[in-house]
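K.L.:
Give me a model of this one.
(4 chains, ligands or ions: 6)
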Amino acid sequence: MDIALTRHWVQAIAEAMDEHKDRLTQLDAAIGDADHGANMHRGFSAAATALETFQPESVGQLLTKVGTTLISSIGGASGPLYGSAFRAAGKALTAPEPDAAQFLVALRAGLAAIQAMGAAVPGDKTIVDAYAPALDAFAEELDSGGDLAHAAARAAKAADDGAHATIPLQARKGRASYLGPRSIGHQDPGATSTALIFEALAKVVTP
Amino acid sequence: MDIALTRHWVQAIAEAMDEHKDRLTQLDAAIGDADHGANMHRGFSAAATALETFQPESVGQLLTKVGTTLISSIGGASGPLYGSAFRAAGKALTAPEPDAAQFLVALRAGLAAIQAMGAAVPGDKTIVDAYAPALDAFAEELDSGGDLAHAAARAAKAADDGAHATIPLQARKGRASYLGPRSIGHQDPGATSTALIFEALAKVVTP
Amino acid sequence: MKKFLNTPESVLSDALAGMAAAHLDLHVDQDAGVIRRAEQTRIGKVALVSGGGSGHEPLHGGFVGTGMLDAACPGEVFTSPVPDQMLAAAKAVDGGNGVVFVVKNYTGDVLNFRMAAELAADEGIEVQTVLVDDDVAVQDSTWTAGRRGTGATVFVEKIAGALAEQGADLAAVAAIGRQVNEASRSFAVALTACTTPANGKPGFDLPDDEIEIGVGIHGEPGRHRQKLAPAREIVASTMDAILAESALADAGQVIVMVNGLGGTPLIELYVVFNEVAALLAAKGVTVARSLVGNYVTSLDMAGASITVCRADAELLSLWDAPVNTPALRWGL
Amino acid sequence: MKKFLNTPESVLSDALAGMAAAHLDLHVDQDAGVIRRAEQTRIGKVALVSGGGSGHEPLHGGFVGTGMLDAACPGEVFTSPVPDQMLAAAKAVDGGNGVVFVVKNYTGDVLNFRMAAELAADEGIEVQTVLVDDDVAVQDSTWTAGRRGTGATVFVEKIAGALAEQGADLAAVAAIGRQVNEASRSFAVALTACTTPANGKPGFDLPDDEIEIGVGIHGEPGRHRQKLAPAREIVASTMDAILAESALADAGQVIVMVNGLGGTPLIELYVVFNEVAALLAAKGVTVARSLVGNYVTSLDMAGASITVCRADAELLSLWDAPVNTPALRWGL
Ligand SMILES: Nc1ncnc2c1ncn2[C@@H]1O[C@H](COP(=O)(O)OP(=O)(O)O)[C@@H](O)[C@H]1O
Ligand SMILES: Nc1ncnc2c1ncn2[C@@H]1O[C@H](COP(=O)(O)OP(=O)(O)O)[C@@H](O)[C@H]1O
Ligand SMILES: [Mg+2]
Ligand SMILES: [Mg+2]
Ligand SMILES: [Mg+2]
Ligand SMILES: [Mg+2]
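P.N.:
Ligands and ions are numbered 1, 2, ... in the order given. Model (predicted):
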């Protein structure tokens, strides 16, 4: 993972959020407050814009900058969560251009930050339900000798499956938890945006 | 016209207003503020109730009482107009049990009161457009030798025709005048309630 | 129809009971149909009485209190009160120096207040009537019942109320009320129709992308409809209508009210106010005072009205005078 | 969607510009996303900062002023503000004796305010957070994010604001804020969904004869739906939910707010208040103070919330202390 590729990743996320803005908002309307699409779009547009004039010395610096920008521009629950995740990922990287395994460590730091902050565990119908299985798949692929592209592809698939698997769950964190059993039957917006983030990663690292 | 018959008339008006409440309100919704049915119903119910314990010595006293009750219970434009009409009619009667010609004089005093108060002329799309032709028909029938029953029947028909004839008119008085040309194409609620009043009269005086 | 009510018939009495429970400074006489200050009128003070159909809350009952009205007479929903109410109010609050009736120009209000004024005169109470007719959506011609009374009522009641509180006589209080009315013009736009409890459904049908221009405050349709437009455009044409009639071009200072019709939230009213302020600033007119909120409503109608009042130093100082009512309160 | 706006994206900045134009006592810093008193904080006075998503007007910006908040941070519609805003607010209004953050209990608000508190601490500003969680429609359990913060926010801001104005220290101001929150419980019912400008259509579909019970203030669906019922029944079940949690039975005196959610007119709120007052009177509880109106809204949602706060003499005297904000004003 180099700086150029990471820039492309953020750019790809911004495009995905733009494209899927309405879908995310609709998912949030069903069990939340109908702003997740606008939130993610605002945040990653801001991040992409911030990167235009930012010349980092490492992937870590770049990711940290993205996180800081997300925190300063999203608000809501997703702002601090995604923002802290990117910041933690960035700070976890020591190598300026991490290899796949080092990148996995960074992604793990991101998930840890989200859980430290939001206290969600798998099954709570949150970001974690897409993020955690994505990392498991990523790690498995690396363990069995796969490269970054393959690992990212499997992570994307796992994140998407994880997002779908939130449908039958009852939310126990965030705004959707207020609905109690009525949150069942709807896909979690945050898990869905996480799946988009991993899909964007897979896209940019696939040669 | 005797006291008992006049009581029946007021009772019949009250019943008609109850029955046609929704229609009057719908007509008023189109070009006014959707309260004419409720207003007329409230007013004539109150009048009928007031008469239950009222022992007048003349038809005139009875009509005056009805007018006073309408003024105290309707409000809106129709309260003072109909109330003053009944009061003026009552006060115009000297004979305790007027004949048809004397009753016509009373009805005329009622119309005069409405016009003195509201300054409407025929064609303004108001009560007057039903009331005035009703009196003309009433007078014509008496002139050609008809009795009260026939005169009232012709008046009822003329009032109803007059109410229908308000449809193509543009309102120049009352709330409907605010609509300008948009008031065209709707039947005037007040003219319609006047038609009901004459229809009730025809009903009770027909043997 | 979805409303918080027990029965359509009991809305008014339930709401009045609620007002009585909420505002201990008010005395609500349900039998007489009068809301008045709990405190007796100071001897010699000119009393202000207003009233009209209900469904416009906080108008009028919400403006009863020190520095504004002495009493208000609520009619049935959208129906002028009956003369007995205004007579009872006048008798209850007359301080010996006469009563000003503040009457919005609707046939029903005019006729019922006129009868009440005659009855009051019979009882030896001197009455002066201030007719409010500020709504430029209606042409004041022999073809109509004249301009309607809407938002300016708040300005008339506040400013005449302040002068009365300062001890002015009947003629002076009535005169300033008329002056405020003359200096004020309003125009309203509806995004939806309203539903009266008795009718149970919206007064008119309005497609999802159309708005009704020049509505009154009784759910009656307006002068015409048009496609929904950006707030800036709606405000521009509304202000055109207002400014065309009121010769505000040479007005140094104005009081402005951006008023919600009942179903429009405050955030949108601020958007509207922003456009009004920008437009007046561009014309060199200073917004000296303003109100943004729900003051003269039309049940649950979504929409807004704009009222502009040309104000000199005297009007502004009366505007700033203390007022303590449920809906308007400062300096006390 | 029919709203007064220019574009869905500009609603917030246009509304803030409108607030700035309407309220000259306020300083609206659009860049920083901060609404604060135009006057500098008195040296030594503890400052109160609140904030949250927009769409709840007059909350929070309408409660900035003497005797209440020092600053408010408006987020995007229904979206918590970002930490930068609260940090900027804290820096702008700190009077040297610390800042109280009044935070409604939503994951987003909690997380963003927490980050801001850390950043403020880094800059040497002492921050205490008062978390408001009064909505009994949500069970406070490990299965949820905890009770939401709704109507009690007004009570907390008013009473803690009064104590801060009197010169109390940071711990005392935070403590009374927490005490008010503990003493307060709320419950809301919606007759319609609301429409966010970004979404453009109602957040949920509600049949013409059904209402949504236990809604929050962000357009999210409630706990269940039921058929429309008379106001008396709706209030009875709402008050059951409130009284079950807050042990008000032995409360001598309470402050009550009947709050409109944005699309419900005042006449209906008075009908609701009447039922609340009757029900409390029957239980021997005295309504010592009350508010009836739109204070914590949910855009254009038709509906109402009821908040009850157990109040002792101290809370009542702080409630009565002078306040001068756009939305709450007395004694000044
Ligand atoms: N405690 C939490 N941990 C992890 N994710 C959470 C938590 N709370 C909420 N989320 C995620 O945030 C998403 C909602 O984000 P968003 O709509 O942007 O914020 P808000 O709920 O403040 O409107 C939810 O779908 C959920 O996935
Ligand atoms: N100046 C007037 N002269 C005669 N009739 C009038 C006048 N103004 C209004 N009306 C009648 O009153 C009717 C409306 O009555 P109503 O709905 O009860 O009162 P409001 O208009 O005050 O709501 C109109 O349909 C019209 O016939
Ligand atoms: Mg959301
Ligand atoms: Mg009518
Ligand atoms: Mg009427
Ligand atoms: Mg949100």
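K.L.:
Counting by contacts, list what the strand or helix carrying A:Ala195 packs against.
P.N.:
Following DSSP states H and E, one finds A:Ala195 within helix A:189-205. Helices and strands touching helix A:189-205, as assessed by 3 or more Cβ pairs under 8 Å, 6 or more residues apart in numbering or on different chains; DSSP states H and E, comprise helix A:3-31, helix A:36-52, helix A:78-92, helix A:128-143, helix A:148-164. C-beta coordinates here come from the backbone N, C-alpha and C atoms, glycine included.
K.L.:
okay, the ones you listed, which one's buried deepest?
P.N.:
helix A:78-92 (a mean of 26; mean count of other Cβ atoms under 10 Å in any protein chain shown).
K.L.:
Taking helix A:3-31 as reference, get the angle to it.
P.N.:
Angle, helix A:78-92 to helix A:3-31, by axes from the mean of the first three to the mean of the last three Cα atoms, to 10 degrees: 150 degrees.
K.L.:
gap between the two ends of stretch C:165-175?
P.N.:
Terminal residues of stretch C:165-175 lie 15 Å apart, using Cα to Cα, to the nearest Å.
K.L.:
Tell me the buried residues in that stretch?
P.N.:
Counting neighbours by 16 or more other Cβ atoms under 10 Å in any protein chain shown, one finds that the buried residues in stretch C:165-175 are C:Glu165, C:Ala168, C:Leu170, C:Val173, C:Ala174, C:Ala175.
K.L.:
hang on, the earlier thing: quick one: mean pLDDT over the helix holding A:Ala195.
P.N.:
On average, the pLDDT along helix A:189-205 is 98.
K.L.:
from the middle of its chain, how far away would it be?
P.N.:
6 Å (Cα atoms, centre = their mean, to the nearest Å).
K.L.:
Please produce JSON lines containing the helices and strands packed on helix A:189-205, extended by distance to chain D and mean pLDDT.
P.N.:
Shown next, in JSON lines, are those (distance: least, Cβ to the nearest Cβ, whole Å; pLDDT from 0 to 100):
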{"stretch": "helix A:3-31", "distance to chain D": "5", "mean pLDDT": "96"}
{"stretch": "helix A:36-52", "distance to chain D": "5", "mean pLDDT": "97"}
{"stretch": "helix A:78-92", "distance to chain D": "4", "mean pLDDT": "97"}
{"stretch": "helix A:128-143", "distance to chain D": "13", "mean pLDDT": "98"}
{"stretch": "helix A:148-164", "distance to chain D": "19", "mean pLDDT": "98"}
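K.L.:
Compare these and give me the one nearest D:Ala188.
P.N.:
Evaluated over the helices and strands packed on helix A:189-205, closeness to D:Ala188 peaks at helix A:3-31, with 17.6 Å, by Cβ to Cβ.
K.L.:
report the angle between the axes of the closest one and helix A:148-164?
P.N.:
Using the same axes, to 10 degrees: helix A:3-31 against helix A:148-164 is 10 degrees.
K.L.:
then stretch A:123-141 to PDB, C-alphas only?
P.N.:
Output of stretch A:123-141 as PDB, limited to C-alpha atoms (Å, rounded to 0.1, in the frame of the first residue of the first chain):
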ATOM      1  CA  GLY A 123     -24.200  -8.800  16.700                       C
ATOM      2  CA  ASP A 124     -25.200  -5.300  17.900                       C
ATOM      3  CA  LYS A 125     -26.100  -4.300  14.400                       C
ATOM      4  CA  THR A 126     -23.400  -1.700  13.800                       C
ATOM      5  CA  ILE A 127     -20.300  -0.900  11.800                       C
ATOM      6  CA  VAL A 128     -18.600  -3.700  13.700                       C
ATOM      7  CA  ASP A 129     -20.800  -6.300  12.000                       C
ATOM      8  CA  ALA A 130     -19.200  -5.500   8.700                       C
ATOM      9  CA  TYR A 131     -15.800  -4.500   9.800                       C
ATOM     10  CA  ALA A 132     -15.000  -7.500  12.000                       C
ATOM     11  CA  PRO A 133     -15.700 -10.200   9.500                       C
ATOM     12  CA  ALA A 134     -13.900  -8.200   6.800                       C
ATOM     13  CA  LEU A 135     -10.700  -8.300   8.900                       C
ATOM     14  CA  ASP A 136     -11.100 -12.000   9.600                       C
ATOM     15  CA  ALA A 137     -11.400 -12.600   5.800                       C
ATOM     16  CA  PHE A 138      -8.500 -10.300   5.100                       C
ATOM     17  CA  ALA A 139      -6.300 -12.100   7.600                       C
ATOM     18  CA  GLU A 140      -7.300 -15.600   6.500                       C
ATOM     19  CA  GLU A 141      -6.400 -14.700   2.900                       C
END
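K.L.:
That one and ligand 1, any residue contact?
P.N.:
Yes. Applying Cβ under 6 Å from any ligand atom, one finds stretch A:123-141 touching ligand 1 at A:Thr126, A:Ile127, A:Val128.
K.L.:
tell me how far that stretch is from the chain's mean position?
P.N.:
Centroid separation for stretch A:123-141 versus its chain: 10 Å, with Cα atoms, centre = their mean.
K.L.:
just stretch C:305-322 next, same as before
P.N.:
In terms of Cα atoms, centre = their mean, the centre of stretch C:305-322 is set 15 Å apart from its chain centre.
K.L.:
What strands flank the one helix or strand C:Gly75 maps to, and is each parallel or antiparallel?
P.N.:
Element membership of C:Gly75, judged by DSSP H and E, is strand C:71-77. Counting by DSSP bridges, the strands paired with strand C:71-77 are strand C:34-37 (antiparallel), strand C:47-54 (parallel).
K.L.:
out of the ones you listed, nearest to B:Gln26?
P.N.:
strand C:47-54 (18.6 Å).
K.L.:
what about that closest one, average pLDDT?
P.N.:
98.
K.L.:
and if you look at stretch C:72-80?
P.N.:
In this model, stretch C:72-80 has an average pLDDT of 96.
K.L.:
State the pLDDT value of the closest residue to C:Asn294 other than its chain neighbours.
P.N.:
Nearest-residue entry for C:Asn294: C:Gly260, 4.3 Å, with adjacent residues in sequence omitted and distances by Cβ to Cβ, 6 or more residues apart in numbering or on different chains. On the pLDDT scale, C:Gly260 is placed at 98.
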